[in-house]
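# When you get a sec, could you give me coordinates for this:
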Amino acid sequence: MVTLKSSRELKLMREAGRIVAQVLEAMKAKAAPGVTTAELNEEAERLIRKMGAIPSFKGYHGYPAAICTSINEQVVHGIPDGRRLNEGDILSVDVGAIYKGYHGDAAITIPIGTVSPEARRLLEVTEGALWAGIAKARAGLRTGDISAAIQDWVESRGMSVVREYTGHGIGRQMHEDPQIPNFGRAGTGYVLREGMTFALEPMVNLGTWKTKVLSDGWTVVTEDGKLSAHFEHTVAVTDGEPQVLTVL
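Below you'll find the model as predicted:
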């Protein structure tokens, strides 16, 4: 069931989103060659709790960390550990926070030092796809309009969208109805209504859209070993422009 959020609920979600945005800014500042993903995770959890929130991911279906850190060919759900970042890596950081019972969820992909032109373009295309999807989060349109906009943006630029993992409703639960795939047909799916809230999150690969899960049971990688990027915002449908909740 898709839930509509009241103005009071949206205010709490905006606060959760602001916390997530602050943590992502801190991750951008801290992520550098030689830093471990475990160090990033420790700092992120410290900040989330300092701001009066709880990490959404920690303990979720047994996930062991406060954030997800996915490097290069890792798509999503990478577990922070002692691996050190290297010059030229790209690092996807996914952050979720619960504030007074409501979730915020967002992700960015960070270039570590100087990255290849190919990697830089991947980041640009992926972030552009997110904004193309957000632009369709308007009352009266359909979830398929969001999906189609993301897919068209990516595929017209010679890249592929991951199909096994999707955007989703969000609110009192991290994952609510509906699912919003990053591919689909315009004019299909749920009709968007004021008060709906979604986490939109294109995951884009340089090669095939196909993925596989590593033996840790969490880390998703591209099947062909090529680079992947991930950008995400929590968004509210209003009576006008879409409202991005995970911004400062």
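
# CA atoms for contacts and neighbours, from now on please.
Fine.

# who touches the helix or strand Asp177 falls within?
If you go by DSSP states H and E, Asp177 is part of strand 176-180. By C-alpha atoms under 8 Å, 6 or more residues apart in numbering, the surrounding residues in contact with strand 176-180 are 1-3, 143-144, 146-147, 166-170, 190, 200.

# Paired strands for the next helix or strand after that strand, with orientation please.
Secondary structure here is assigned by DSSP H and E; on that basis, the next helix or strand after strand 176-180 toward the C-terminus is strand 197-200. Here strand 197-200 is paired, per DSSP bridges, with strand 167-169 (antiparallel), strand 233-236 (antiparallel).

# any idea which of the ones you listed is most buried?
Highest mean neighbour count among those (mean count of other C-alpha atoms under 10 Å): strand 233-236, with a mean of 28.

# roughly how far out does it sit from the chain middle?
The gap between the average C-alpha position of strand 233-236 and the chain average comes to 10 Å, counting by C-alpha atoms, centre = their mean, to the nearest Å.

# To Arg14, which of the strands paired with strand 197-200 lies closest?
With C-alpha to C-alpha, the closest approach to Arg14 among the strands paired with strand 197-200 belongs to strand 233-236: 9.0 Å.

# List the contacts of Ala186.
Each residue near Ala186 by C-alpha under 8 Å, 6+ apart is listed here: Arg142, Thr143, Gly144, Asp145, Ile146, Ser147, Ala148, Ala149.

# One more pass at 7 Å, please.
With contacts defined as C-alpha atoms under 7 Å, 6 or more residues apart in numbering, the neighbours of Ala186 are Gly144, Asp145, Ala148.

# Could you rank those residues by neighbour count and give me the top one?
Using other C-alpha atoms under 10 Å as the neighbour criterion, Asp145 leads those with 26 neighbours.

# How far off centre is stretch 122-142?
12 Å.

# Okay, buried residues for that stretch please.
By neighbour count, and taking 16 or more other C-alpha atoms under 10 Å as the criterion, the buried residues in stretch 122-142 are 122-123, 125-134, 136-139, 141-142.

# Which parts of the chain are helices?
Listed in chain order, the helices of the chain (DSSP state H) span residues 7-30, 37-50, 117-134, 143-155.

# Now tell me what touches the shortest one from outside.
Yep, that's helix 143-155 we're talking about. Outside of helix 143-155, the residues within contact range by C-alpha under 7 Å, 6+ apart are 125, 129-130, 132-133, 136-137, 160-161, 180-192.

# quick revisit: can you tell me which of the contacts of strand 176-180 is closest to Val93?
For the contacts of strand 176-180, the closest approach to Val93 (C-alpha to C-alpha) belongs to Leu200, at 14.8 Å.

# Need the pLDDT of that closest one.
What the model reports for Leu200 is a pLDDT of 98.

# Lys30: neighbour count?
Neighbours of Lys30 under the rule other C-alpha under 10 Å: 13.

# how much space between Ala32 and Gly240?
39 Å (C-alpha to C-alpha, to the nearest Å).
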